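Enquirer: Pasting the sequence and the predicted coordinates here, then a few questions.
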Amino acid sequence: MTGSVADGGNVRALRDRPFELLKALEKRTRASVAQTEREAAPGNEWVGVALRMGGETFLVAREETREVLSFPASITRVPGAKPWVKGLANVRGQLLPMIDLRQLLGSGLTAASRNARVVVVNHREIPAGLLVDEVLGFRRFAEREFDAEPPPTVIRCDSFLAGAFRRSGEIWPVLSLKTLVESQQFMQAAH
């Protein structure tokens, strides 16, 4: 251990002086708690929901996601809608448009499998449930792991990417749901 006895560095030297030992331990504990609070302070950590589409993994910001649902048992087709608009589903008494995200992006269809989920977009004016192949849960990243340059992806969603997080050789592209649902492509849901 380094440091002086006064700053809590070498507590063994204080074993015969209990009062000073307690003061040194208290100082060390306070410093440790302060460091932990700095590391866990809001703004130092980014939290997102990891999802899989067509074999690729993406992140969406937690604040852009209202909830994650199971694939609906029934979806009512909307006449005149583009094929990627699967229809409307009744979610707790509210009608929610169901969008096949892969199909919208031109990368195939999302199958109604056991792992398929609906990511409900948290947007005040545009309700939407995005069908995805799988939701992997929350992922946490330090802000220093963020890279504003989005990586190339197989699924054509470059215009909706808001950078990526990089950790241990893995790249996690961030899909901006806000940019997606406010885009002209998304808004033109009718033929």
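Expert: Received the coordinates, thanks. Residues are numbered from 1 along each chain as shown.

Enquirer: Please make it C-alpha for all contacts and neighbour counts, starting now.
Expert: Will do.

Enquirer: Could you break this protein into its assigned domains?
Expert: 1-41, 45-187 (automatic domain parsing).

Enquirer: of all those, which gets the most neighbours per residue?
Expert: Most buried of the domains of the chain by mean neighbour count (mean count of other CA atoms under 10 Å) is domain 45-187; its value is a mean of 17.

Enquirer: separation between the residue nearest the centre of the chain and Arg140?
Expert: The C-alpha lying nearest the average C-alpha coordinate of the chain belongs to Gly48 (CA atoms, centre = their mean; 1.3 Å). Taking CA to CA, to the nearest Å as the measure, Gly48 and Arg140 are separated by 7 Å.

Enquirer: Mean pLDDT for the domains of the chain - can I get that in JSON lines?
Expert: Output for the domains of the chain, formatted as JSON lines (pLDDT from 0 to 100):
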{"stretch": "domain 1-41", "mean pLDDT": "65"}
{"stretch": "domain 45-187", "mean pLDDT": "96"}
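
Enquirer: got the CA positions of stretch 48-60 in CSV?
Expert: This file holds the C-alpha atoms of stretch 48-60, laid out as CSV (Å, rounded to 0.1, in the frame of the first residue of the first chain):
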residue,chain,number,x,y,z
GLY,A,48,-29.5,0.1,-24.4
VAL,A,49,-31.6,-2.8,-25.5
ALA,A,50,-29.8,-5.4,-27.6
LEU,A,51,-31.7,-7.0,-30.5
ARG,A,52,-31.0,-9.3,-33.4
MET,A,53,-32.2,-8.9,-36.9
GLY,A,54,-31.1,-11.2,-39.7
GLY,A,55,-28.1,-12.5,-37.8
GLU,A,56,-26.8,-9.0,-36.9
THR,A,57,-26.9,-7.5,-33.4
PHE,A,58,-28.0,-3.9,-32.8
LEU,A,59,-28.6,-1.6,-29.8
VAL,A,60,-31.4,0.8,-29.3
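
Enquirer: Hmm, Ala112 is touching Phe71, no?
Expert: Yes. Counting by CA atoms under 8 Å, Phe71 is a contact partner of Ala112 at 6.7 Å.

Enquirer: residue contacts, Glu20?
Expert: Counting by CA atoms under 8 Å, 6 or more residues apart in numbering, Glu20 touches Leu14.
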